[in-house]
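>>> task: produce atomic coordinates for the following.
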Amino acid sequence: MPLIRRGPPGPAGETPASPDAARQDLLSGDPLVRRRGVRSLGDGPEAVPTLMEALRREGDPAVREAIFTALAALPEAAEPLASLLRSQDAGLRNGAIEALQALPGRARSLLPGLLADRDADVRLLSAEIARGLPAAEATALLCGLLERENDVNVCTTAVEILAEIGTPDAVPVLRGLPRRFPGAPIVAFAVDVATKRIAGAQN
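Below is the predicted model of the structure:
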């Protein structure tokens with residue numbers, strides 16, 4: 001999943017608005033004014049609650065992207081962003097994943113809990129966040145997930161990610177996985193592809 005693009009720079013000579021004016025801009029009916037409000041809020045942690053509130057009601061894709069870009073620069077936004085993994089809005093879920101991939105330091109601290117969440121959808125989406133970590137760290141986290149995971153979809157997603165970024169340390173865990181899902185041939189197929197790709201990457 002690609003990283004989100006940086007937001008557009010403010011117009012040359014644009015005078016930064018006050019925080020109160022920026023919050024008013026975020027309520028405007030004009031998407032350009034709302035984007036100006038995002039730029040004017042600044043890059044301090046105090047902007048996080050306002051940006052999250054704006055994000056939950058925002059429907060314009062360009063303004064949403066600007067908000068996610070702003071949040072991806074704020075480590076304090078990691079936990080609020082992680083809460084969006086439970087959203088019914090696919091755009092919010094995907095934007096949160098990309099923003100958290102851009103915050104690997106904070107995402108790293110959240111992932112053990114997210115990968116153990118009782119909601120399988122949250123575990124599946126969290127595996128995508130792990131894709132943004134260094135290969136060795138991602139491999140360790142995803143192998144830990146596979147060793148205890150009972151949901152086929154979560155396992156298949158983790159295996160597919162390991163096929164792309166996994167290290168040889170993943171191979172023993174991968175090879176043991178199909179025995180736990182004898183009625184799901186997709187798992188054996190995904191494991192076969194992953195182990196071959198990992199072996200091929202070492203040659």
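>>> would you mind pulling the contact partners of stretch 43-60?
19, 22-23, 26, 31, 34, 37-38, 41, 64, 67-68, 70-71, 73-74, 76-77, 80, 84, 92, 95 (Cβ atoms under 8 Å, 6 or more residues apart in numbering). No exception for glycine: its C-beta is placed from N, CA and C like everyone else's.
>>> ok, 7 Å please
23, 26, 31, 41, 64, 67, 70-71, 73-74, 76-77, 80 (Cβ atoms under 7 Å, 6 or more residues apart in numbering).
>>> looking at these, which are in helices?
23, 31, 64, 67, 70-71, 80 (DSSP state H).
>>> of all the contacts of stretch 43-60, which two lie farthest apart?
Pairwise distances across those (Cβ to Cβ) peak at 25.7 Å, for the pair 31 and 76.
>>> gap between the spatially most central residue of the chain and residue 169?
Centroid-nearest residue in the chain: residue 97, 1.6 Å away (criterion: Cα atoms, centre = their mean). Counting by Cβ to Cβ, to the nearest Å, the separation of residue 97 from residue 169 is 24 Å.
>>> any idea how far stretch 132-144 is from the chain center?
14 Å (Cα atoms, centre = their mean, to the nearest Å).
>>> which of the contacts of stretch 43-60 are buried?
The neighbour-count criterion (16 or more other Cβ atoms under 10 Å) marks 23, 26, 31, 41, 64, 67, 70-71, 74, 77, 80 among those as buried.
>>> in CSV: the residues you listed, plus distance to residue 116 and pLDDT.
Listed next are these as CSV, based on distance: Cβ to Cβ, whole Å; pLDDT from 0 to 100:
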residue, distance to residue 116, pLDDT
23, 37, 90
26, 35, 94
31, 39, 96
41, 34, 88
64, 29, 96
67, 29, 96
70, 29, 95
71, 24, 96
74, 25, 95
77, 22, 96
80, 20, 97
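>>> how about TSV for those residues, with distance to residue 155 added?
Formatted as TSV, the buried ones among the contacts of stretch 43-60 follow (distance: Cβ to Cβ, whole Å):
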residue	distance to residue 155
23	44
26	41
31	41
41	41
64	31
67	33
70	35
71	30
74	33
77	30
80	28
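>>> residue 186: which element?
Using DSSP states H and E, residue 186 sits in helix 185-201.
>>> and that helix, what's buried?
Neighbour-count burial for helix 185-201, with 16+ other Cβ under 10 Å as criterion, is recorded at 187, 190-191, 194-195, 198.
>>> residue 134: which of those is nearest?
residue 198 (15.6 Å).
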